[in-house]
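1. quick one: sequence plus predicted model below, questions after.
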Amino acid sequence: MSRILTVLLMLCVFAAACTGTDNQDQVMSSENASLKEVYLQPKEHQEYTQEITLSAIGDILIHSPVYKDAKGEDGYDFLPMLEKVRPYLEQPTITIANQETMIGGEELGLSTYPSFNSPHEVGDALKEVGVDVVTIANNHTLDRGEEAVQNAIEHWETIDMMYTGSYKDQEDREKVRVYETGEGVSVAFLSYTYGTNGIPVPEGKDFLVNLIDKEWMESEIDKAKELADAVILSLHFGNEYERYPDDTQKDLVQFAADQGVHAVIGHHPHVLQPMEWVTGKNDNETLVVYSLGNFLSNQQGLYKRIGGITNFSIKKTEKGDRVDIEVHSPEFMPTYVTFDANQTNYRVVPMNQLTNEELSGAKSHYEEIKAHMSQWMPELEFIEE
């Protein structure tokens, strides 16, 4: 009898063990199914987002009083002129500047208006304060001929600065400038000018300067869109000292928006022109700054001494085979060039930091500039840190 009970007891224990294993297997199977559902989720349902910030500044226009003020025993030092805005240029992922004057170097003889040639050290200072890309297609590109262009490009390459709009040869011109960021968003930079102050482009050397030509621009924009996530177009256009864009500017900006350019940065008027969104033919929105004014120069008069820093974000969203690029959150910081009565001690200063000693009625002028820049973009934020 005891032997029968023992056998029955053993059978019960075995049955319980089997049931427990089945339950455990069911739990593990359920967990594995959930994990498999996550990891084998169809690609088109997965979404990845990367984002960068981009900053742009206006004309670096080096008149003789500016480079004479930078002159020292061991060369030229432009850094003190930019120290107050340095933090705002270093912070963005990419910062772009319009280098209005060729940095052909002292060996060619420095000169100013109407035929500019600037020290190499201008480039060194821009690099030091956080500038990553320079646009060099403008009406002064050919002021001192091909030698100045080649000297400048050699120095830009020496300091590892990306340049666009003027090139050393045709092969160089055909390479679209694409800035690869560590954040997974790539940006192409294109630059063109309305002309070169009547100086003819040497025959067979169109590579020396990009002139505005819609057919050529369209082909380059198409190429840039294939190579980069976002396309930024710099245009040297408009009328000098006019505070609003003319019809030619508006037409070119609409053309750019229709081609799918993500942002247009304007130069040449030497004064600020407003910002706005322009809708392209595919309902895309293009961010436009018609003119960023002078960032560093010796031009006189209130509005010619006011420039600015524009910031915006570029967001890349990938979902399956679809990639969406969104430009958003534009910001602006008005800046002002201060200098002493004897044309020394040049400084680029955020306008909201100006005292009445530096600019009489500083606060009211600052508020006027804010209203001017945001009149077509009421949501524009201003950097006031």
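-> Sure, I can see it. Only a predicted model underlies this, so the values are computations on that prediction, with no experimental measurement involved.

2. quick one: list the elements packing against the longest strand anywhere in the chain.
-> When the chain is parsed with DSSP state E, its longest strand is strand 322-338. Applying 3 or more CB pairs under 8 Å, 6 or more residues apart in numbering; DSSP states H and E, one finds that strand 322-338 makes contact with strand 272-279, strand 285-292, strand 294-296, strand 306-319, strand 347-350, helix 362-374, strand 381-382. In short, each C-beta sits where N, CA and C put it, glycine included.

3. strands paired with it, and their directions?
-> Strand pairing for strand 322-338, using DSSP bridges, gives strand 306-319 (antiparallel), strand 347-350 (antiparallel), strand 381-382 (parallel).

4. and those strands as JSON lines, adding mean pLDDT?
-> Shown next, in JSON lines, are the strands paired with strand 322-338 (pLDDT from 0 to 100):
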{"stretch": "strand 306-319", "mean pLDDT": "97"}
{"stretch": "strand 347-350", "mean pLDDT": "98"}
{"stretch": "strand 381-382", "mean pLDDT": "98"}
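
5. now render those strands as TSV, adding distance to residue 360 and mean neighbour count.
-> Below are the strands paired with strand 322-338 laid out as TSV (distance: least, CB to CB, whole Å; neighbours: other CB atoms under 10 Å):
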stretch	distance to residue 360	mean neighbour count
strand 306-319	14	21
strand 347-350	15	21
strand 381-382	21	14
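
6. include distance to residue 63 when you put those into a markdown table, please.
-> Listed next are these as a markdown table, based on distance: least, CB to CB, whole Å:
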| stretch | distance to residue 63 |
| --- | --- |
| strand 306-319 | 14 |
| strand 347-350 | 14 |
| strand 381-382 | 28 |
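
7. which among those strands is found nearest to residue 84?
-> strand 347-350 (5.2 Å; CB to CB).

8. return the set of buried residues in the longest strand of the chain.
-> Within strand 322-338, the residues scored as buried using 16 or more other CB atoms under 10 Å are 325, 326, 327, 330, 331, 332, 333, 334, 335, 336, 337, 338.

9. per-residue confidence averaged over that strand?
-> The average of the pLDDT scores along strand 322-338 is 97.

10. what's the answer for stretch 123-134, then?
-> In the prediction, stretch 123-134 has an average pLDDT of 98.

11. can you give me the end-to-end distance of it?
-> 9 Å (CA to CA, to the nearest Å).

12. surely residue 58 touches residue 290?
-> No. Judged on CB atoms under 8 Å, residue 58 makes no contact with residue 290 at a distance of 11.3 Å.
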